[in-house]
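S.K.: What follows is a predicted protein model with its sequence.
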Amino acid sequence: LRLKDTANDEELRSYDPPLTRSERFKEDVEYGDTAGRLSFLAAPMIGHDQVIGAIRLTVKNDLTEFTSDEETFLLQIAREMAATIKEAWDWTKANEKALTAEREVLRLYEIGLALAQASDVDTIIRRVLSTAISESGVKAGSVWILSRARNSLEFQVNQGSPEEALPSVIHLNDIFKRSIEASKAICFNEDARKQYASSVPPGPRRDYLASLGGVMHVPLRLKDDCLGLMFLESAGSITSSDQTCEFLGMLGSFAAVAIQLAQANKDLLDTLDKTRTLALGGAIAAGIRHQVKNTLSSIVATRSNLPDLINDRDRFLEKLDEINQDIDLLVQQANNLILAEDPGEAELKTVDLSDLVDKFMKGPEKPPLARVKWQFAPREQIFIDAHPILLRTALFNLIQNAVRAMNGDGKLYIRLSDESGWAVLSIRDTGTGMSPYMLAHCFDPFISEEFSRGRGLGLAAVKAVVDLHKAQISVRSTAEGTTFFLKFIQKAELC
């Protein structure tokens, strides 16, 4: 059925009781198929005082009329159906409104999640601006961040606006101040837009604004503060609904939170990077200081034996020579304490890695080994580019770490091999091994096992020294012990 333009609710309401072969009803209703349907009974469906449809019964034979009981029954059924359908409609509309609200919440959640996962302010602002332009149906937009002095807006990101119409800084006037203090988006159309354009100093920016039909300011607002404004620019008037303005306001708040988090995260990472650099420098310096201390102890011990050798000239001279070598080493160690401030300034030179490890393990520089037994078999010369003091500092930290892992009692195996142009130095202990977490993070600063008495900087310092040498370091750990592998680019011959 299709109601004709002449039909209205009042006419349909008057069909009570139902009409039988009503000419008036025929005038108000058109049938898609009337062939053979000579008799009909029709009743309007009125639920909660609102016409929502009609019921029609037809027969093919020429029935003169329906009985009054049939008419009354049909009217009753029509009213009951109408009430049921009206309730279903009301529920559907309410449910659709709830679903729409739920979709908006989910959409805001997805946008907020995407913003929170962005790692830099520029990415966050671009995503916000693109979403806002799409939501409001405008042609262009830009984002401006409030300066620290809070007297101007600094340009950040643009999409669609002419570059010549975008100064780097906009000084605040009453219009911009009002937008910054607002809790939701503000539209500038017609007279307001002209006033807005005239508030901008003469130039490309004012000319561009004068050519627009409408402009919207969306504050990037936290609860008690505004970080900036988003400008949305349209060729025609902007007639955003309250729902759109509310959505854009929420979007601006999300952007403000995300921007603040990104800025705070950047500040934190900068601070951590500085702390890490200072900490690694301190760890390297600590390793050098340990070497200085051990070298001094060796000098003192050798000197104390000199009186007993006064009658043995050869041994006396031999001990003096050892003292002189230790003094030379001590001078090098003292000079290289400066490297702790910036290890990157170290200059590399060609050294024999086998000889360096052998002298380190046999000399006074190595850390106290307690009851730990060590093995190292020197090889033929294996040359690499290295800084001897820093490399010995890395060895000091690795061996000290191994001694602690074995609680001062175990075996330490040091091996040096030649693998396809790489000089591979391995240091294996017989301790209890690392936990899975420690194995994954052992080179991170301030990470250490519970048994360790250190600050968690030794292995991070080793990694820094290895990186300085453009070498590689890896670790393998089981319940039977831990092995560190240091791979250096091997030089073919001494230069």
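M.R.: Okay, I see it. Please read these numbers as outputs of a predicted model, since none were measured by experiment. Residues are numbered from 1 along each chain as shown.
S.K.: List the contacts of Met434.
M.R.: Contact analysis of Met434 by Cβ atoms under 8 Å, 6 or more residues apart in numbering lists Cys442, Glu449, Val475, Ser477, Thr482. Where C-beta positions appear, they are placed from N, C-alpha and C, glycine not excepted.
S.K.: Report the separation between it and Thr478.
M.R.: From Met434 across to Thr478, the span is 9 Å (Cβ to Cβ, to the nearest Å).
S.K.: What's the local residue count around the closest residue to Thr432 other than its chain neighbours?
M.R.: Leaving aside its sequence neighbours, Thr432 sits nearest to Ala479 (Cβ to Cβ, 6 or more residues apart in numbering; 6.5 Å). Other residues lying near Ala479 total 8 when counted by other Cβ atoms under 10 Å.
S.K.: so Ala479 makes contact with Ser435?
M.R.: No - using Cβ atoms under 8 Å, Ala479 makes no contact with Ser435, being 10.9 Å away.
S.K.: show me what contacts the closest residue to Ala405 other than its chain neighbours?
M.R.: Nearest non-adjacent residue to Ala405, counting by Cβ to Cβ, 6+ apart: Gly431, 3.4 Å away. Residues near Gly431 by Cβ under 8 Å, 6+ apart: Ala402, Ala405, Met406, Asn407, Gly410, Gly481, Thr482.
S.K.: Show me these that map onto helices.
M.R.: Per DSSP state H, helices hold the following members of those: Ala402, Ala405.
S.K.: In a markdown table, list the contacts of Gly431 along with neighbour count, pLDDT and distance to Ser152.
M.R.: Formatted as a markdown table, the contacts of Gly431 follow (neighbours: other Cβ atoms under 10 Å; pLDDT from 0 to 100; distance: Cβ to Cβ, whole Å):
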| residue | neighbour count | pLDDT | distance to Ser152 |
| --- | --- | --- | --- |
| Ala402 | 27 | 92 | 60 |
| Ala405 | 21 | 90 | 59 |
| Met406 | 21 | 92 | 64 |
| Asn407 | 13 | 90 | 64 |
| Gly410 | 20 | 94 | 67 |
| Gly481 | 21 | 94 | 63 |
| Thr482 | 23 | 95 | 58 |
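S.K.: Identify the farthest-apart pair in the contacts of Gly431.
M.R.: Comparing all pairs in the contacts of Gly431 by Cβ to Cβ, the longest separation belongs to Asn407 and Thr482, at 13.4 Å.
S.K.: So which bits of the helix or strand encompassing Leu412 are buried?
M.R.: Assigned by DSSP states H and E, Leu412 belongs to strand 411-419. For strand 411-419, burial by neighbour count (16 or more other Cβ atoms under 10 Å) applies to Leu412, Tyr413, Ile414, Arg415, Leu416.
S.K.: would JSON lines of those residues with distance to Ser198 be doable?
M.R.: Output for the buried residues of strand 411-419, formatted as JSON lines (distance: Cβ to Cβ, whole Å):
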{"residue": "Leu412", "distance to Ser198": "82"}
{"residue": "Tyr413", "distance to Ser198": "83"}
{"residue": "Ile414", "distance to Ser198": "81"}
{"residue": "Arg415", "distance to Ser198": "81"}
{"residue": "Leu416", "distance to Ser198": "80"}
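S.K.: for those residues, which one is nearest Ala386?
M.R.: Relative to Ala386, the closest of the buried residues of strand 411-419 is Leu416; by Cβ to Cβ it sits at 13.3 Å.
S.K.: do you know how far the closest one is from His387?
M.R.: Computed with Cβ to Cβ, the distance linking Leu416 and His387 is 18 Å.
S.K.: same thing with Asp467?
M.R.: Distance from Asp467 to His387, by Cβ to Cβ: 12 Å.
S.K.: So for these two, which residue has more residues nearby?
M.R.: Between Asp467 and His387, His387 has the larger neighbour count (other Cβ under 10 Å), namely 20 against 14.
S.K.: Surely the more buried one and Ala471 touch.
M.R.: No - applying Cβ under 8 Å, one finds His387 not in contact with Ala471, separated by 11.6 Å.
S.K.: Neighbours of Ala424, how many?
M.R.: Actually, residue 424 is Val rather than Ala. Residues within reach of Val424, counting by other Cβ under 10 Å, total 18.
S.K.: Could I get the pLDDT score of it?
M.R.: Val424 carries a pLDDT value of 95.
S.K.: One more: Leu486?
M.R.: Predicted confidence (pLDDT) for Leu486: 96.
S.K.: Which of the helices or strands spans it?
M.R.: Per DSSP H and E: strand 481-491 holds Leu486.
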